[in-house]
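requesting a structural model of the entry that follows:
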Amino acid sequence: MHEYLSIQRERIAAFVSEFLSTETDRLCRAGAWGSDVTERLLEYTLPGKMIRGALVHLGYSLVSGREPDPVLSVAAAMELTQSFLLIHDDIMDRDDQRRGKPAVHRQYAEVAWRRGYLGNTEHFGHAMGICAGDIAMFLATDLLSRADVDPGIVQRLVSCFAREIALVGVAQMSDVANAVRIDEVSTEDIITLYRYKTGRYTFSLPLMLGAMAAGAGDGFCDDLGLLGEEIGVIFQIKDDEIGLFGDSTATGKPVGSDISENKKTILRAMLFDRAPEAERETLDRLFGSESVTVHDVQYVRSLIDTLGIRDELQQKLELRALACTNRIDRLFPGSGPATVRFVEILHSLVAYNLKRDR
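This next block holds a predicted model:
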């Protein structure tokens, strides 16, 4: 699987680089910031794993058994969409780092400070970051329309893409609201958020777009979307775990940011549900605090492990992974020689998400 993803990543990165370089002159017609934003988008997008773009390719090959050349622009569109969402997400979450470097809005705030611009540099950074994210999304939509497939299929791709990204927007609103709610968020609502903010966007949508481009019908694409949801729930729960227990040098984000942002994760829900009364006051003080220390993070980690929450979550994830494996077998019974390799990659993806640590 890793070799496959690496190969697809190189192809997509090369396409994104060429596309943004050709767009620079056109965007500069509207102003000097055109070259600035394409350069920043390129620097921001290229270091990513590009798993969503690779899954577009995988979805195409799972159905066609062929190399995914006709959907390279669709794969690139998913990666620019990812940049759009992350740029905006960093602003909303007040995260100043992304992949070990200043987030885009922080970069623009620093530009304002260096140039001595009038007004609030932080506000300038936020405004420019929002613009950069918007531009990434508009460019992604343009790329989606360039798919080298039948015009009728292009129309289906654009419609599917727009509807799914709208769902991501609503899920993001839930995520933002959850952080400031005074009541507890149910585990069912958290899982729903994971399905629509992570599952359908990160896994369902790219797999569906690839399969759709290869000629798959709506019924098959819907089934593939349900598989993506389940893989995404596994991915997001592991992401929550890595965010709290991982290494910041590997993740590129400060460990413990979910505590300071009071993110209503499954880990948090289980912790607050099971923590002894004597610990609740400390937890209430820490979650949502803007001054969470390394010691505070270690305290939360220790309490989660003492209560056996991580072990229980791992068991639940293993059951979800088994359900995903069974669903793959039902979707691709008796795969032929042209597609069997791609089905094996899909199985490997499930296993990887279950065990990943970054």
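
relative to Asp36, how far out is Ala30?
The gap separating Ala30 from Asp36 is 12 Å, by C-beta to C-beta, to the nearest Å. C-betas here are computed from N, CA, C, even on glycine.

of the two, which one has the most company?
Asp36 (18 against 8; other C-beta atoms under 10 Å).

please, which helix or strand holds that one?
For Asp36, the element it lies in under DSSP states H and E is helix 33-45.

equivalent analysis for Gly334, please.
Per DSSP H and E, there is no helix or strand for Gly334.

what pLDDT is listed against it?
Gly334 is assigned 77 on the pLDDT scale.

okay, now it: neighbour count?
Gly334, neighbours per other C-beta under 10 Å, totals 6.

quick one, phi/psi of it?
phi 50, psi 50 (degrees, to the nearest 10).

check the one 4 residues further on too.
The phi/psi pair for Ala338 (degrees, to the nearest 10) reads phi -70, psi -30.

okay but it is in contact with Gly65, surely?
Yes: applying C-beta atoms under 8 Å, one finds Ala338 in contact with Gly65, separated by 2.9 Å.

ok, these two, which is more surrounded?
The neighbour comparison of Ala338 against Gly65 (other C-beta under 10 Å) goes to Gly65, with 16 against 11.

surely the more buried one touches Thr339?
Yes: with contact defined as C-beta under 8 Å, Gly65 reaches Thr339; the gap is 4.7 Å.

what about Ser21, distance to Ala54?
22 Å.

centroid-wise, who is the farthest residue in this structure?
Most distant residue from the mean C-alpha position of the chain: Ala278, 36.5 Å away (C-alpha atoms, centre = their mean).

how far away is it from Gly336?
On the measure of C-beta to C-beta, Ala278 and Gly336 end up 61 Å apart.

next: Ala140.
Distance from Ala140 to Gly336, by C-beta to C-beta: 33 Å.

show me which of those two is the more surrounded one.
Neighbour count, other C-beta under 10 Å: between Ala140 and Gly336, Ala140 has more, with 22 against 9.

for that one, what are its contacts?
Ala76, Ala77, Met78, Leu80, Thr81, Phe84 (C-beta atoms under 8 Å, 6 or more residues apart in numbering).

which residue packs closest to the fourth one, ignoring adjacent ones?
Distance criterion C-beta to C-beta, 6 or more residues apart in numbering; nearest residue to Leu80, sequence neighbours excluded, is Ala140 at 3.9 Å.

secondary structure element for the one you found, which one?
helix 121-145.

what separates that helix from the chain centre, distance-wise?
17 Å (C-alpha atoms, centre = their mean, to the nearest Å).

state the mean pLDDT of the helix or strand following it.
Using DSSP H and E, the next helix or strand after helix 121-145 towards the C-terminus is helix 151-178. Average pLDDT, helix 151-178: 95.

cool, and stretch 284-299?
On average, stretch 284-299 scores 93.

show the end-to-end separation of that stretch, please.
From its first residue to its last, stretch 284-299 covers 13 Å (C-alpha to C-alpha, to the nearest Å).

now do the buried residues in stretch 104-121.
Neighbour counts over stretch 104-121 (16 or more other C-beta atoms under 10 Å) mark Val104, His105, Arg106, Gln107, Tyr108, Ala109, Val111, Ala112, Thr121 as buried.

quick one: contacts of that stretch?
40, 44, 87, 90-91, 96-98, 102, 122, 124-126, 128-130, 132-133.

residue ranges of the helices in the stretch 151-300 of the chain, please?
Secondary structure of the stretch 151-300 of the chain by DSSP state H, counting those that start in this stretch: the helices cover 151-178, 187-193, 205-213, 218-245, 248-251, 257-260, 266-274, 277-286, 294-306.

of the ones you listed, which stretch is the most buried?
Of all those, helix 205-213 has the most neighbours on average by mean count of other C-beta atoms under 10 Å, namely a mean of 28.

ok now it, how far from the chain's centre?
So, by C-alpha atoms, centre = their mean, the centroid of helix 205-213 is 16 Å from its chain's centroid.

against which helices or strands is it packed?
helix 51-64, helix 72-93, helix 151-178, helix 218-245 (3 or more C-beta pairs under 8 Å, 6 or more residues apart in numbering; DSSP states H and E).

quick one: the shortest one to helix 33-45, angle?
In terms of direction (axes from the mean of the first three to the mean of the last three C-alpha atoms, to 10 degrees), helix 51-64 departs from helix 33-45 by 70 degrees.
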